[in-house]
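1. can you look at this prediction? I've put the sequence above it.
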Amino acid sequence: MTTQHVEHEITVAAPAADVYRLIAEVENWPRIFPPTIHVDVAERTGTDERIRIWATANGTAKNWTSRRTLDPEGLRIEFRQEVSTPPVAAMGGTWIIEPLPGGDSRVRLLHDYRAIDDDPDGLKWIEEAVDRNSRSELAALRTNVELAHASKELTFSFEDSVRIDGPAKDAFDFINEAGLWAERLPHVASVRFGEDAPGLQTLEMDTRARDGSVHTTKSYRVAFPHQKIAYKQITLPALMTLHTGCWTFTEEDDGGVTAVSQHTVVLNTANIARVLGEEATVEDARAYVHGALSTNSRATLGYAKEYAESDSHAESKS
């Protein structure tokens, strides 16, 4: 089979060491790279690590496992997909960060790949996906590095939690079965839900806000029974440019479960005046978004608690 080689690059107004760190910390990738939904570090030994990635490619959610070798001295990160997803037969490459005069950096992203059976349609699909994702990743990397300090007040995280005296599986099932939320949750007006592969979900829903308005959001979700569901919104309300989150279910020593809804948000300052009025500040927008998300999270956790602690749902699932 024929191996294809491509390279993309971009110049970033930030020190090379800072750029390297941002790429090396894969846990933050959903916040940095638009295609990335979720990343888990499965193994880490010295400079070698094995990571699991869930991301979109040409509008389709896919997942794969990669091995990486980190070289902080050389400012290089080599990666290789351990198990690729069709039509990809093999995929790998290297991040190379080069210091430039004046404190800027050149970021080079190299890829090599093969298509199953050298299929022309498969090669075309991979070429388009690599080109689109590489361009968006590099542009997002530049934006996030250059604005890292300026946007600190625009980025915030928070969580809500509830104690559940019931099985973690039942609490997880309530959140996992999002296709039933329009029937189960008063603040959800309608739902479009799909699971193209086990644990890899698409959730689009119309949600009622406290002021009575209805907004539409779309998320990709990754479910890990019966421990957590991570998600990333790709269709966002007007006041956010990014929203990632995670539902977690932790079994406690006394037999109960702690269910947590965690959010990370970046505010969209361009829409603050339109949504909240000309006099509204960033702090007003932060309070509004926090309140809206937290209200819905606490309501959903409350219904999940009621579901898990009740015997009535057993009949509907039998």
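-> Noted; the coordinates are in hand. Computed from a predicted model, the values in this text were never measured in an experiment.
2. could you use CA atoms for every contact and neighbour count after this?
-> Fine.
3. pLDDT on stretch 230-243, on average?
-> The average pLDDT for stretch 230-243 rounds to 93.
4. what mean pLDDT does stretch 11-18 have?
-> 90.
5. that stretch: which residues count as buried?
-> 11-17 (16 or more other Cα atoms under 10 Å).
6. stretch 214-226 now?
-> Neighbour-count burial for stretch 214-226 flags 218-223, 226 (criterion: 16+ other Cα under 10 Å).
7. pull the distance from it to the chain's centre.
-> For stretch 214-226, the separation from the chain centroid amounts to 10 Å (computed by Cα atoms, centre = their mean, to the nearest Å).
8. average pLDDT across it?
-> Here stretch 214-226 scores 93 as its mean pLDDT.
9. confidence score at L147?
-> 68.
10. same deal with H313?
-> The predicted local confidence for H313 is 56.
11. for R210, same thing?
-> R210 carries a pLDDT value of 72.
12. tell me, how many residues neighbour the closest residue to it other than its chain neighbours?
-> Leaving aside its sequence neighbours, R210 sits nearest to A292 (Cα to Cα, 6 or more residues apart in numbering; 7.0 Å). The number of residues packed near A292 is 15, by other Cα atoms under 10 Å.
13. how about L301?
-> 24.
14. cool, and the one 5 residues further on?
-> Taking other Cα under 10 Å as the criterion, the count of residues near E306 is 18.
15. what about the strands in the stretch 1-150 of the chain?
-> For the stretch 1-150 of the chain, applying DSSP state E, counting those that start in this stretch gives strands covering 4-12, 36-45, 48-57, 60-71, 76-83, 88-99, 105-115.
16. what bits of this structure have low per-residue confidence?
-> Along the chain, the model assigns pLDDT under 70 to residues 147-152, 311-318.
17. what residue is smack in the middle of it?
-> The centroid of the chain falls nearest to I37 when counting by Cα atoms, centre = their mean (3.1 Å).
18. report the contact partners of that one.
-> Going by Cα atoms under 8 Å, 6 or more residues apart in numbering, I37 touches 30, 53-56, 220-222, 231-232.
19. repeat that for T300.
-> L185 are the contacts of T300 under Cα under 8 Å, 6+ apart.
20. ok, it to R208 distance?
-> 13 Å (Cα to Cα, to the nearest Å).
21. same check on E27?
-> 31 Å.
22. neighbour count: those two, which is higher?
-> Shown here are E27 and R208; by other Cα under 10 Å, R208 has more neighbours (18 against 15).
23. quick check on the closest residue to that one other than its chain neighbours: phi, psi?
-> Distances taken as Cα to Cα, 6+ apart place V214 nearest to R208, at 4.4 Å, with adjacent residues excluded. Main-chain dihedrals, V214, degrees, to the nearest 10: phi -120, psi 130.
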